[in-house]
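S.K.: With the sequence up front, the predicted model follows.
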Amino acid sequence: MAWVVLVLAGLFEIGWAVGLKYTDGFTRLVPTLLTAGSMVVSLVLLGLALRSIPLGTGYAVWTGIGTVGTLAFGILVLAEPATVARLVSAGLILAGIVGLKLFGGP
């Protein structure tokens, strides 16, 4: 169950990272509120997951999900470049996430 909570925390991290793009420097109220809400939910869920997942593993997986998800959003929605180097790098992060899940603790 902790891993499900951790994945949800990572998804909310994607939400707040993407939300930062739409706040326009925190000058737009609704995107700012949604971004702040996503931040809070993400951190609360991360804290809950870390009750039973080791800190280093949990934090690395959380940031990895956020990093790869935000990169994917940028490529798919914002037409950011999908270079081979970026995709290989994202693949390495995903491999690290899988490795930490398999070998990083409960």
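M.R.: Thanks, I have it.
S.K.: For the residue most central in space within the chain, which non-adjacent residue is closest in space?
M.R.: The centroid of the chain falls nearest to Gly66 when counting by C-alpha atoms, centre = their mean (1.6 Å). Excluding the flanking residues, the one nearest Gly66 by C-beta to C-beta, 6 or more residues apart in numbering is Glu13, at 3.5 Å. Yep, even glycine has a C-beta here, placed from its N, CA and C like the rest.
S.K.: what's the neighbour count on the one you found?
M.R.: Glu13 has 25 neighbouring residues, counting by other C-beta atoms under 10 Å.
S.K.: Would you map the helices across the protein?
M.R.: In the chain, the helices defined using DSSP state H lie at 2-22, 29-49, 55-76, 84-103.
S.K.: What residues sit buried inside the third one?
M.R.: The reference is to helix 55-76. Within helix 55-76, the residues scored as buried using 16 or more other C-beta atoms under 10 Å are 57-62, 64-71, 73-75.
S.K.: Same check on the shortest one?
M.R.: Taking 16+ other C-beta under 10 Å as the basis for neighbour counts, the residues of helix 84-103 that come out buried are 90, 93, 97, 100.
S.K.: With just CA atoms, put it into CSV.
M.R.: Below are the C-alpha coordinates for helix 84-103, written out as CSV (Å, rounded to 0.1, in the frame of the first residue of the first chain):
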residue,chain,number,x,y,z
VAL,A,84,17.5,10.9,-28.1
ALA,A,85,19.6,12.1,-25.3
ARG,A,86,16.5,13.3,-23.3
LEU,A,87,14.6,10.1,-23.9
VAL,A,88,17.6,7.9,-23.0
SER,A,89,18.2,10.0,-19.8
ALA,A,90,14.5,9.6,-18.9
GLY,A,91,14.8,5.8,-19.5
LEU,A,92,17.8,5.7,-17.1
ILE,A,93,15.7,7.5,-14.4
LEU,A,94,12.9,4.9,-15.0
ALA,A,95,15.4,2.1,-14.7
GLY,A,96,16.6,3.6,-11.4
ILE,A,97,13.0,3.8,-10.1
VAL,A,98,12.4,0.1,-11.0
GLY,A,99,15.7,-0.8,-9.4
LEU,A,100,14.9,1.0,-6.2
LYS,A,101,11.4,-0.7,-6.1
LEU,A,102,13.0,-4.1,-6.6
PHE,A,103,16.0,-3.7,-4.3
